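**Student:** just to be clear, the model below is a prediction. Sequence and coordinates:
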Amino acid sequence: MYAHEQNPQRRSVILGVAASDAHAVANHLIAHTLRSLGFHVVNLGTCTPVSEFAAACAEHPQAEAVIIGSLNGHAQEDLRDLPAAKASGAIACPVVLGGNLSVGSHKEAAFLDRLRALGVDHILEDPAELPALLDRLHAERKAVARPRAAS
Amino acid sequence: MYAHEQNPQRRSVILGVAASDAHAVANHLIAHTLRSLGFHVVNLGTCTPVSEFAAACAEHPQAEAVIIGSLNGHAQEDLRDLPAAKASGAIACPVVLGGNLSVGSHKEAAFLDRLRALGVDHILEDPAELPALLDRLHAERKAVARPRAAS
Amino acid sequence: MTGGVPLPPLQESVAYIRSLGKEPAAQVLGRYREAGRVAVQPRCGVGGHDAMRELLQTLAAQGEPDILTITIDSHTRLGRFDRARRLAHLSPRELNGYPLVAHGWARGRELNEAVAAPLQIRHGSPDARLMFEVAVASGITSFEGGGISYNLPYSKDVALADSLAAWEAVDRRCGELAELGVIVDRELFGTLTAVLVPPSVSLAVSVLEAVLAARAGVRCISVAYPQGGHVAQDVAALRAIPLLAARYLPGDIDVHAVLHEFMGVFPRERDNAEDLILYGALVARLGGASKLLTKTYQEAYGIPDAEANAAGIRLARRANSPLLGFVAPDEERTAQELEWILAEVAEIVEPVLERPDTKAAVVEAFADGRLDIPFSASRHARSEVIPRRDASGAIRYLSAGRLPLSERTLRRHRDQVRSGAGAAPEMGSLLAELTADINYFPLLFGETARNPDPDALGGPRESRPRTPDRRPRSAAGRGGGDARA
Amino acid sequence: MTGGVPLPPLQESVAYIRSLGKEPAAQVLGRYREAGRVAVQPRCGVGGHDAMRELLQTLAAQGEPDILTITIDSHTRLGRFDRARRLAHLSPRELNGYPLVAHGWARGRELNEAVAAPLQIRHGSPDARLMFEVAVASGITSFEGGGISYNLPYSKDVALADSLAAWEAVDRRCGELAELGVIVDRELFGTLTAVLVPPSVSLAVSVLEAVLAARAGVRCISVAYPQGGHVAQDVAALRAIPLLAARYLPGDIDVHAVLHEFMGVFPRERDNAEDLILYGALVARLGGASKLLTKTYQEAYGIPDAEANAAGIRLARRANSPLLGFVAPDEERTAQELEWILAEVAEIVEPVLERPDTKAAVVEAFADGRLDIPFSASRHARSEVIPRRDASGAIRYLSAGRLPLSERTLRRHRDQVRSGAGAAPEMGSLLAELTADINYFPLLFGETARNPDPDALGGPRESRPRTPDRRPRSAAGRGGGDARA
Ligand code: B12
Ligand code: B12
């Protein structure tokens, strides 16, 4: 069951690679895949600082998620401005992160907590998990939106 | 200057490989080389216990040295009967040892002292040093023998 | 931190380089090319200064590479020097390379003096003028990059005109140094985006950068080519380098072929990674490369530790064995690939070189798609080129975009890809097929679900499955693996 | 110490072997032969029991060999069990192997249960009857040796009639086990004295031992051949093994070719040793060997530590790479060597096999020199055979002693050696030349003074010097080296 079958209105997401990171291949492929599933993908591409994600959120308020890839190990530093952006509401939708999230071949579990502490809402290993997550977020959003509309 | 040029009389040595040791190649080559230099080589070959060296000394009292090879790392154990053979006079001439004298790839200097303590008189690395050592031993022997003959 | 100290005058740096008495990288390369052997070099860079010195010394001791590297961190690459400096202070282990500009040239000299092998700076900076000055002041005379190859794969929005100008400045500086008697080895990053790069795209970009570098005064040029995975194609690409140099460069430029061991998605299991490392090294030797950049069995996991890095160097050096004289590629097949590559490169570069202003022609051609690279990180290339592997594993053009390839060339690629991929693919399946081509080696080794044709290897067909072992092989990289379970 | 416990009844051991549920060595070999790949096995043995278990587990973890070994110490080999037992108690580190008989079968089972890979016993005992019983009671079903090959290289004065009878008893026992459903892999030590062994001497001895083993009831025979150093000759020798089996053995015997990585004087520098290790592994694959016995970069120094041993295993396994399908020997040259080898073996073994009592014929032939090996450790072979390398590095007969080779064969060897060594040598120079042939690899790598023809390699001529490096390479084996300075 594809995302666009649930919702005839075009769903959109904001996609990009972290500020210091030029790894483009996964970004190309994820953009293509989400588009082929019917999403409108605002792809900011590589080397995208938090401020640019925030600007895209302002431009596309209907975006359901900000999806960030980070391969070069710099996720932590590259998202240093994320807490501010979330606190100010500049980035209001869920932030999804994936890639190779710390430097070195021996990963410690703790760094994921540090990333979550920065305001990352979901950390995925495999881009194939993205559609299901987006659908879940979509459903939750509607569930939250409905009661509010009724009040 | 070859050994046999100094002494027209045929000089002889006893040669062999230690008791537990079957490495034959160096033994073959050393025997050939000493023979080509004019020595009479009593080659006891591989797997020669101290008792066999002693028996050969008894049979060849004119032998100038007992030359033992040990490659398999067992020199220490294979020469365990050497102190007794030397003490009893069963092996009276100098004992020369060469090869790969302890087990393992990381050699400690101490094991050479332990071998000397057993009664090994000379430890050589390269069989090419043998002729010169034999000549030196020969000269020393004559120097010792002459005053005695004079007394 | 010596980063704040002003740069010494060029003459002082030249005197320092002389006083060091180290064999320059250019000379090491020459020595190996003469001998028909391959100089071996790892990538290596960590954030802390002492850690970096220790890393270099450990690699020198355990791996004995011929050339050593200072790999620069991503912040410095992109000119985010403030971030790099901050992390160098606070948390150097979070940096994915050595922030040379932040640490400064005095520390660069310390690194240089810490090891006998010459050093090279490898980075990925669209504008490397400052870094080059710091490198030279550090006494380092081997420097990677180029106005195209360090822009399009490494940044999002730097205009090609700007990066070409910045690199022209670097290359001019090399010319000045050459006049002072210091030959800088300038390596061009033909690896580009590293994933499924068609040989003629890589070599065409390098030819253009080499022409510009030579005009600016560079005397020693290393042309790097990324192993694609197909013996005959890769050997041919390496062998093409001196021929292209003879065709497009002045005769007095010293040109070296350099192989980058496979730069795409690496297998995760140590055995498989090491098979690929050895394979790359053999290809370098067969192709007559002067130098080989090594990978490690931890490549799939992250920046390698020193032990893994040294193991990769030593394994790669086996290709220099005097006992492997009997190993040869399929010469007929290789000659065929070579012919194709030379023709394609000519078709791509000659229209650009015909124009009076080469830099302007390059900028225009990328804007129009007449020059292009797949999977560009930058907006300044169109990435309309879509590569595919053919049935033998060689990299072909599924779509050549707007590259000015001849009808004959295009027809051949169409035929080759079709015979590989069956019927012309639709969009969904194209993505799947492309992903399979990207994951070629993990799939070939049976690491991932889909089991490809194990015969597709480019050598004479080989019908033997990899491991007749029923016992599961242990998981990869020592301690490697991902904590995100 | 469980050495004193009486042996369990054979039925109990068979039940134990079943209960272990391990894949037997014979099956591992079959699996690899099917797949056209090479099972990899190290030698390993230390004196202490706990140290041995730890060694096996370390090698299993770090090297992942397909078969593991218990290498037996020299005292036990020669039946000096008292000495072995004494040292096992007092100073196990002074033993050059694991004294299995002293430690006993209960400990043997502990070792067997400590690792997943099947174990093989490698020793060198003219009379191994007791050791075989201990091995079987330990649940170990792969056992090296033979009445000729574990006598002549391993002892001074054991009559061949005695060793042949002792090994016939072992082989009968294998027959009994086969009837109980347990197939023992019996490896024949064709390596002999390891130094310059002409292929037809090695294979002739193995054929005779194999014939005797098959008659006694052995079902699975591994024929080991020692790498000599010449690609075509070594590949041919390995390929000869199934052909000889088809010619001289009953059809229902499972025969495996096994390569022993170079068993002669090893180079001392780690780089050179590793080149030789990889070379051997490639030869094993090209020759279709089911199994490869590995060496280590510490070979020239002494019994290797676990780290070096694991590194040797991993390097050797690269030969199984699915990426090396393009590597092939010179097939024409190999076919030529194969033809020569088959003819020579026939000339040597057929006169013996024609006699009604093969064992008696073997004893007599060695007494007369019609069977012979070079550099015998035993008085029961004449060692009138004198090998030499020809100009290409292949091992030829300088003198074939009294081997019943045809005039045609002898003439060929004379021609081949002459073209290598120039004029016929005198005694003094013969010794020097022989020593140079023995030190072939150290010389080839330039480790020793005399610099030989680097082209003499058996592969297509290779005119490149080894290392264009002017810097001295660091000394060999990690920590290796000799304290006797
Ligand atoms: C190709 C490549 C490059 C190319 C990139 C070209 C380009 N512009 O795209 C080049 C050669 C230019 C390059 C450069 C560098 N690279 Co790089 N590169 C690789 C390599 C070999 C493959 C990456 C790739 O394209 N894979 C194919 C795509 C489809 O998959 P992927 O990117 O690996 O991502 C997968 C997952 O992470 C996940 N994923 C990715 N993004 C996202 C996003 C979301 C939301 C989700 C859910 C999942 C997800 O899905 C993908 C499929 O499984 C990897 C190693 C490897 N994997 O084998 C190293 C690697 C990623 N690179 C690395 C590094 C460090 C660098 C450099 C900083 C240089 C350096 N110091 O070594 C520079 C980057 C400079 C910069 N400013 O960023 C490191 C990262 C190290 C770490 N984290 O510890 C790696 C792991 C190599 C290594 N072992 O050192 N690289
Ligand atoms: C060939 C060989 C064999 C052949 C021997 C055939 C034969 N019967 O001759 C075979 C395969 C049968 C064999 C068996 C074994 N071997 Co072995 N073998 C070798 C090898 C590869 C070469 C030896 C050789 O012939 N060299 C050529 C000759 C000319 O030189 P050489 O013997 O090395 O001796 C030199 C010096 O030591 C010195 N030298 C030798 N003798 C003498 C004597 C004197 C007086 C002097 C001054 C100098 C001297 O001069 C020589 C020239 O430089 C060496 C490793 C290497 N060097 O590469 C291992 C080696 C000697 N073997 C070794 C061992 C342990 C064994 C075994 C016990 C098996 C085992 N546990 O691994 C068995 C021996 C069983 C027994 N009862 O002894 C070890 C010794 C280990 C240690 N000391 O730590 C070595 C070093 C291999 C290793 N790295 O493990 N081996």
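**Tutor:** Perfect, I can see it now. Ligands and ions are numbered 1, 2, ... in the order given.
**Student:** all helices of the stretch 101-250 of chain C, in order?
**Tutor:** C:105-114, C:129-137, C:160-179, C:199-216, C:231-248 (DSSP state H, counting those that start in this stretch).
**Student:** so what touches the shortest one?
**Tutor:** Residues from elsewhere that reach helix C:129-137, judged by C-beta atoms under 8 Å, 6 or more residues apart in numbering or on different chains: C:7-8, C:10, C:13, C:16-17, C:72, C:76, C:100-101, C:104-105, C:108-109, C:121, C:123, C:125, C:143, C:166, C:169-170, C:173, C:177, C:184. From N, CA and C alone the C-beta is placed, and that goes for glycine too.
**Student:** residues in contact with residue A:86?
**Tutor:** A:92, A:95, A:119.
**Student:** so can I have CSV of the residues you listed showing distance to residue D:161?
**Tutor:** Output for the contacts of residue A:86, formatted as CSV (distance: C-beta to C-beta, whole Å):
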residue, distance to residue D:161
A:92, 94
A:95, 85
A:119, 86
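**Student:** residue C:345 and residue C:257, how far apart?
**Tutor:** For residue C:345, the distance to residue C:257 equals 14 Å [C-beta to C-beta, to the nearest Å].
**Student:** quick check: mean pLDDT across the helix or strand harbouring residue A:31?
**Tutor:** Element membership for residue A:31, per DSSP states H and E: helix A:25-36. The average pLDDT within helix A:25-36 is 96.
**Student:** do whichever helix or strand comes after it and ligand 1 meet at all?
**Tutor:** For helix A:25-36, the following helix or strand on the C-terminal side (DSSP H and E) is strand A:40-43. No - counting by C-beta under 6 Å from any ligand atom, ligand 1 has no neighbours in strand A:40-43; the shortest distance is 12.0 Å.
**Student:** now for strand A:40-43, which elements pack on it?
**Tutor:** Applying 3 or more C-beta pairs under 8 Å, 6 or more residues apart in numbering or on different chains; DSSP states H and E, one finds that strand A:40-43 makes contact with strand A:12-17, helix A:25-36.
**Student:** now, the contacts of residue A:86 that are in helices?
**Tutor:** Members of the contacts of residue A:86 lying in helices (criterion: DSSP state H): none.
**Student:** spit out the contact partners of the nearest residue to residue C:211 once chain neighbours are set aside.
**Tutor:** For residue C:211, ignoring the flanking residues on the chain, the nearest one in space by C-beta to C-beta, 6 or more residues apart in numbering or on different chains is residue C:248 at 5.9 Å. Taking C-beta under 8 Å, 6+ apart, we find residue C:248 in contact with C:207, C:210-211, C:349, C:353.
**Student:** repeat that with 10 Å
**Tutor:** Taking C-beta atoms under 10 Å, 6 or more residues apart in numbering or on different chains, we find residue C:248 in contact with C:206-208, C:210-211, C:214, C:345-346, C:349-350, C:353.
**Student:** next: residue C:216.
**Tutor:** Residues near residue C:216 by C-beta under 10 Å, 6+ apart: C:167-175, C:186.
**Student:** point me to the helix or strand that includes residue A:21.
**Tutor:** Under DSSP H and E, no helix or strand contains residue A:21.
**Student:** please name the nearest non-neighbouring residue to it.
**Tutor:** residue A:72 (4.6 Å).
**Student:** nearest to ligand 1: which residue in the stretch 301-450 of chain C?
**Tutor:** Distance from ligand 1 to each residue of the stretch 301-450 of chain C (C-beta to the nearest ligand atom) is smallest for residue C:302, at 2.9 Å.
**Student:** number of residues surrounding that residue?
**Tutor:** For residue C:302, the count of nearby residues is 22 (other C-beta atoms under 10 Å in any protein chain shown).
**Student:** right, and it touches residue A:104 too?
**Tutor:** Yes - using C-beta atoms under 10 Å, residue C:302 is in contact with residue A:104, at 4.9 Å.
**Student:** and residue A:89, how many neighbours?
**Tutor:** For residue A:89, using other C-beta under 10 Å, the count is 9.
**Student:** would you check how far apart residue A:138 and ligand 2 are?
**Tutor:** Distance, residue A:138 to ligand 2, by C-beta to the nearest ligand atom, to the nearest Å: 67 Å.
**Student:** give me the neighbour count for that residue.
**Tutor:** Around residue A:138 there are 16 other residues, counting by other C-beta under 10 Å.
**Student:** give the contact list for the nearest residue to it once chain neighbours are set aside.
**Tutor:** In space, residue A:138 comes closest to residue A:64 once its chain neighbours are excluded; the distance is 5.9 Å by C-beta to C-beta, 6+ apart. Neighbour list for residue A:64: A:3, A:7, A:11-14, A:39-40, A:93-94, A:96, A:134-135, A:137-138, A:141 [criterion: C-beta under 10 Å, 6+ apart].
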